[in-house]
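sequence? don't have it. structure:
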């Protein structure tokens, strides 16, 4: 039996949360539901599982890489070509602290930024399922059900106060 | 017992009658639907009057002549067209660099520190401040390159080896500067862009033509799924915490360019925090000016930027003024008391020499006048007055940097070389950088939403008014 | 004597003992302020002539200058001894570590403070950090400034180009320069001595300024050889070093009675 993706648009957070609860009751798993909103909504409000993210791990990885790069710049590169200046060590520690700090931060920030791109599959210019009302502050709930049940779910969503329920179509944003 | 409570309640009523208006208007207790706010922001981007285009044209002309042409002329002819000489080997270009880096600090301060401390009044103008960071840093970077004798070889300072495996010198404060400023430029640009993505998606949904293509490309296909929001908020949180130490390090390292040198007036261990506070001082003033101009010239901005925002900003300026005064006093009293001959000469030069007018203006504009005005709520709530104070502080802070670089360089340990610095082509190039900053700001104000609408809405959703007795009190909660 | 300046704690007492290799003494009591050293230095090292206007504004390209001071107000003026000022070739040079591109490193072989012209990018930090203010910057290509040339039959000629020293480069604009202790003469003498299988003798050669000084106020040589003339002069009681309190370890000793 083929599957259909339905899209229900809600005015507010409360009906959306109720709708998701109803979907759970009707046997739709969390993996078949997705929510699109115009502001970040905590998963607890909608009773959704905690979304995964690799961004923080990537930032820590970037920080580690930057730390090593800073160490290389300050303690490695001067040994490739010995030059004495001002009666100082070839590889003094105080400037090393500064260089290492800056490189750690730079790489951590870059990795965080790239992490958002990687985790969210940005940039993504393919057609996607979307409704414009979302950026007006509405909440859109997608869920995947078998085609035969579509009518039943549409009615259930309408009774819970959905503004509109329609089959989701991917389109050029 | 009864008598006491009667007395207390009577006093309470009398006190209450003075405060009829709702407290904390910056929390925006008159929420509008998101769609309406979107439309307001979109309209403010689309609306331009003929005055806008005239100012834009003048600025563009100034950028072409005073920035590109003057700089090209200087590269072609050599640095002698400027005013730099022995002993003032550094001149106005580095004054501009320090000034613009100072301006750029306000953006990070407002959007990162206030975000970390969850100060609600930041919401409508974080973006305007962050733009100042990015554009200020562009001008600071350009000024550094203007300053170099052989700018076409500036890539020799980048951390790449030459053919003999000679890397740049990490002993040099200028190298720390290069690393710190490039970290800050990249970091603040990314930090500007991340919260902008949802607003670009909003603009994409309600525009047509070339704007649609423009926003579509920049919004990267953002929809607002749970995952996207989660990655974005985690990243923004990380940025808010991580960019604060970077911001402090940048201006501290800029101050070390001077403090590390063996020169009277420069070799001071308090220069790091003194410069950071100076940067915030001028940056806050610049934010006040930008907010005033935005509110006066752009449509619908009086809904988003209110008197209470200026009030809160004015309090911040007052606090920064006091902190700045503390460090100023610290720096000068130690130098004065030390009695070192060269420093003594320098201080006499500052108070009696031909540049004394500048020193006096600097003290009055930055230290004496702002606290005398900013204590008053009426002053803080008058946007044009606050913007005027901001302008005054910025002039004063420009003089401060001018005093530190070419004027302090005049006095050194070799009296035979003392000479007075006179700016030449630097005047044009300074006009050029200021025009370029304003030009960028004007163009971008019509290209990207200057108000982070989703953040404003998030704020409005989490605020409410609760009645306690007869008073309405604001309550604030967090989504997390 | 070799002292490793990179030892922990070397900046204090151990470094004080380090004399350096090449050194100079300048006797202020017999200096007449005749500027012969300034002219000789300019000839030897291809220094540019900057013209009246730029010289007045503080852009002279002199590696050595005669500083002249006086006490009191006119007419009761009392002159003080002339003070020739040049790069002190510091052992702990403040100019060295601040260069971002290693354009002014320390020479381990000659124990001199070098300037690498073609590595310089013109940040001018070294000049700011020099407490003696002896570095000069090429603000423009002074060797080919049209106003400073002569027009002969419709072509611009620069007569001074004919006396340029082939042992020294001509610096272009945008780079820093300073006194090198005539390192080209040092190397020439060393090469000659090496080909003859001997050490460089004291007094075999000298710098341009010392050679030109009619009063013999300037003496140049090895300060680490106790028997050399410069070493004996430098250890006189009259010897002082400029701005010694900054711990720059200058290699130039000024002789002055009091």
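Received the coordinates, thanks. Fair warning: this is a prediction, and the values are worked out from it, not measured in the lab. Numbering: from 1, shown residues only, chains lettered A, B, ... in the order given.

Do you have the strands of chain A handy? List them.
Listed in chain order, the strands found in chain A under DSSP state E are A:3-10, A:33-36, A:128-129, A:139-146, A:164-167, A:170-171.

Turn those into TSV, including distance to residue B:154, mean neighbour count and mean pLDDT.
No exception for glycine: its C-beta is placed from N, CA and C like everyone else's. Shown next, in TSV, are these (distance: least, CB to CB, whole Å; neighbours: other CB atoms under 10 Å in any protein chain shown; pLDDT from 0 to 100):
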stretch	distance to residue B:154	mean neighbour count	mean pLDDT
strand A:3-10	54	20	86
strand A:33-36	47	22	89
strand A:128-129	43	17	86
strand A:139-146	50	20	87
strand A:164-167	58	14	85
strand A:170-171	48	10	80
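
just so I know, which of the ones you listed lies nearest chain B?
strand A:33-36 (4.8 Å; CB to the nearest CB).

what helices or strands is that closest one leaning on?
Secondary structure elements in contact with strand A:33-36, counted by 3 or more CB pairs under 8 Å, 6 or more residues apart in numbering or on different chains; DSSP states H and E, are helix A:13-25, strand A:139-146.

before we move on, back to that, of the strands of chain A, which is nearest residue C:252?
Relative to residue C:252, the nearest member of those by CB to CB is strand A:128-129, separated by 75.0 Å.

The closest one pairs with which strands?
Here strand A:128-129 is paired, per DSSP bridges, with strand A:170-171 (antiparallel).

Is the helix or strand hosting residue B:313 positioned near chain C?
Applying DSSP states H and E as the criterion places residue B:313 in helix B:307-338. No: contact of helix B:307-338 with chain C (CB under 8 Å from any CB of the partner chain) is absent, the minimum separation being 13.2 Å.

on contacts alone, who are the packing partners of that helix?
In terms of contacts (3+ CB pairs under 8 Å, 6+ apart), helix B:307-338 is packed against helix B:271-297, helix B:341-352, helix B:369-374, helix B:377-380, helix B:383-402.

Name the next helix or strand following the last one along the chain.
In this case it means helix B:383-402. Secondary structure here is assigned by DSSP H and E; on that basis, the next helix or strand after helix B:383-402 toward the C-terminus is helix B:408-410.

Just the mean pLDDT for the helix or strand that that next one is followed by, thanks.
Towards the C-terminus, the helix or strand next in line after helix B:408-410, according to DSSP H and E, is helix B:426-445. For helix B:426-445, the mean per-residue pLDDT is 95.

Likewise for stretch B:471-480?
Averaged across stretch B:471-480, pLDDT comes to 72.

before we move on, what about stretch B:204-216?
On average, stretch B:204-216 scores 91.

Tell me where chain A is predicted with low confidence.
Where chain A drops to pLDDT under 70, the residues are A:1.

tell me the contacts of the residue nearest the centre of chain C?
Centroid-nearest residue in chain C: residue C:179, 3.1 Å away (criterion: CA atoms, centre = their mean). By CB atoms under 8 Å, 6 or more residues apart in numbering or on different chains, residue C:179 lies in contact with C:41, C:63-64, C:86-87, C:89, C:134.

mind redoing it with 7 Å?
With contact set as CB atoms under 7 Å, 6 or more residues apart in numbering or on different chains, residue C:179 has these partners: C:63-64, C:86-87, C:134.

and which of the residues you listed is nearest chain B?
Within those, distances to chain B taken as CB to the nearest CB reach their minimum at residue C:134, with 8.4 Å.

Can you tell me the SS state at the closest one?
When states are read from DSSP: H, G, I helix; E, B strand; the rest coil, the local structure at residue C:134 comes out as coil.

mind listing what the residue lying closest to it once chain neighbours are set aside touches?
The shortest distance from residue C:134 to any non-neighbouring residue, by CB to CB, 6 or more residues apart in numbering or on different chains, is to residue C:87 (4.8 Å). Counting by CB under 7 Å, 6+ apart, residue C:87 makes contact with C:63, C:113, C:134, C:178-179.

tally of neighbours for the residue nearest to residue C:256 when sequence neighbours are not counted?
Leaving out its chain neighbours, the residue that sits closest to residue C:256 by CB to CB, 6+ apart is residue C:28, at 4.5 Å. Number of residues near residue C:28 (other CB atoms under 10 Å in any protein chain shown) recorded here: 18.

Looks like residue C:28 contacts residue C:254 (just checking).
Yes: assessed by CB atoms under 7 Å, residue C:28 is found in contact with residue C:254 at 5.7 Å.

Now do the SS call for the residue lying closest to residue C:177 once chain neighbours are set aside.
Nearest in space to residue C:177, with sequence neighbours left out and distances taken as CB to CB, 6+ apart, is residue C:171 at 5.4 Å. Reducing the assignment at residue C:171 to three states with three-state DSSP gives coil.

Repeat that for the one 10 residues further on.
Reducing the assignment at residue C:181 to three states with three-state DSSP gives coil.

got it, and the one 3 residues further on?
Assigned by three-state DSSP, the conformation of residue C:184 is helix.

Now for chain A: which helix has the highest residue count?
In terms of residue count, the longest helix belonging to chain A (DSSP state H) is helix A:93-119.

do that one and chain B meet?
Yes: counting by CB under 7 Å from any CB of the partner chain, chain B has neighbours in helix A:93-119: A:95, A:98-99, A:101-103, A:105-106, A:108-110, A:112-113, A:115-116, A:119.

now do stretch C:38-48
No: on the criterion CB under 7 Å from any CB, stretch C:38-48 is out of touch with chain B, staying 11.6 Å away.

count of neighbours near the residue in the stretch 151-258 of chain C that chain A sits nearest to?
The nearest approach of the stretch 151-258 of chain C to chain A comes at residue C:249, 7.7 Å away (CB to the nearest CB). Look at residue C:249: counted by other CB under 10 Å, it has 21 neighbours.

Mind pulling up the pLDDT for it?
At residue C:249 the predicted local confidence, pLDDT, stands at 87.

Would you check that it makes contact with residue C:89?
No: shown here, residue C:249 and residue C:89 do not form a contact pair, counting by CB under 7 Å, at 9.2 Å.

In JSON lines, list the helices and strands packed on strand A:33-36 along with distance to residue B:421.
JSON lines is the format used below for these (distance: least, CB to CB, whole Å):
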{"stretch": "helix A:13-25", "distance to residue B:421": "63"}
{"stretch": "strand A:139-146", "distance to residue B:421": "63"}
